[in-house]
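[1] Predicted model and sequence follow; I will ask about them next.
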Amino acid sequence: MTLPAVRSLLLAACFGLCTSCAGPGIGKFKDTVVADVPVSPDSGVRVTYLGVNGYLLQSSDATVLVDPFFSRPPLRNYLVGEVTPNKSRIDWAMRNFPATVDLILVTHGHIDHLLDVPIIAQRTGARIVASPTSCNLVKSLKQVPDWQLVPILTQPNPTLASHETRQFDSVTVQALYTEHDRLCGAEIMPGRKTEPPETPPRRARDWVAGEPLAFIITMGGKRIFVSSGMVQALQQREVTPVDLAITGVALPDPRRSLAETVKILKPKYVLPSHQDNFFIPAEKGFRFSAQSNFPEVKRNLPGWEPGKNLILLDYFRPWTLY
């Protein structure tokens, strides 16, 4: 194993040990949790939280998934041996899915964002919109035909000003190049794949981050921003304003930059994401990870009112963005 691989594994172990400790349930912040009647919307977008950084977005004429991840293997599987999708947990989660899914958007290639995507795409026929690295990792598994893969932001050396907009029927997707969170100043499982690897990813460290993306999704007359973590000062044009900002805050860096991100995006609602303990099966309910810090998130957003414009979602309890 190379030195960078060892370093990435040690960082992942450190992050995992911190994250795997169970924090409080979401009930501790019940004043911030929103939900409404789970019916298909005639207007707006119904938002369902799937856990980790996963979301189901439904309008009257489109269905989009972001980072769906249900396998949630225990920490030991991340550190040693192989990590494979847990089909029974995927089955359990997909019982809540609509009959059709149009798109699956993937923010980066780590297993808690990409591992389950090939199986879900295979079952739903959804097109996968993702970075070149994420698409090449999926290709190497030979589970999804090429027509379902839509690489985006394929330029060789993207910068923090890079972006690309694609139209998918009634859904507009703008991909923004960003950076992955760092731990102790170091990247977590970095790397890019310019071609499908000869050996498909099996271990956690094989699922490299690739080119991290954030998305602005326009559907149902609404603009929704989704990132899995740290967003450097957005340099791309035409990103604001948005109706909903879903921002990953798993680690300290994105929590520190959250106020600046929100200031730039000018959202009507802020939904902090990626705060749960993803080593616990979703069936057992939402538990904050020990590494998360929602009180800090609230402190960093003075003037945002919990339950009004600063919101949380519980697993599989939809809320409609009107």
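    Received it, and whenever you're ready, just let me know what you need. Residues are numbered from 1 along each chain as shown.

[2] show me the contacts for the most centrally placed residue in the chain.
    With distances taken as C-alpha atoms, centre = their mean, the residue of the chain nearest its centroid is Asn53 (3.5 Å). When contacts are counted by C-beta atoms under 8 Å, 6 or more residues apart in numbering, Asn53 touches Val66, Asp67, Phe69, Thr107, Asp112, His113, Val226, Ser228, Gly248, Ser273, His274. In short, each C-beta sits where N, CA and C put it, glycine included.

[3] which among those residues gets closest to Glu305?
    When the contacts of Asn53 are compared for distance to Glu305 (C-beta to C-beta), Ser273 comes out closest, at 18.6 Å.

[4] give me phi/psi at that closest one?
    phi -130, psi 170 (degrees, to the nearest 10).

[5] distance of it from Glu260?
    17 Å (C-beta to C-beta, to the nearest Å).

[6] next one: Gly220
    28 Å.

[7] now swap in Lys298 and tell me
    16 Å.

[8] now do Pro158
    21 Å.

[9] Of these two, which one has the most company?
    Between Pro158 and Glu260, counted using other C-beta atoms under 10 Å, Pro158 has the larger neighbour count: 20 against 14.

[10] Show the pLDDT at the more buried one.
    On the pLDDT scale, Pro158 is placed at 89.

[11] what are the bridge partners for the closest residue to it other than its chain neighbours, then?
    Leaving aside its sequence neighbours, Pro158 sits nearest to Tyr177 (C-beta to C-beta, 6 or more residues apart in numbering; 4.2 Å). Beta bridges link Tyr177 to Leu213 when assigned by DSSP bridges.

[12] Run a quick neighbour tally on Tyr177.
    Counted with other C-beta under 10 Å, Tyr177 comes out at 22.

[13] For the residue nearest to Ala245 when sequence neighbours are not counted, list the residues it contacts.
    Once flanking residues are discounted, Ala245 sits nearest to Pro267: 3.9 Å by C-beta to C-beta, 6+ apart. For Pro267, the contact set (C-beta under 8 Å, 6+ apart) comprises Phe225, Pro241, Val242, Asp243, Leu244, Ala245.

[14] For Pro267, give its distance to Thr154.
    Pro267 is 28 Å from Thr154, by C-beta to C-beta.

[15] Now do the strands in the stretch 151-300 of the chain.
    Counting by DSSP state E, counting those that start in this stretch, the stretch 151-300 of the chain has strands at residues 163-168, 171-177, 182-183, 186-187, 213-219, 222-227, 244-248, 269-273, 287-289.
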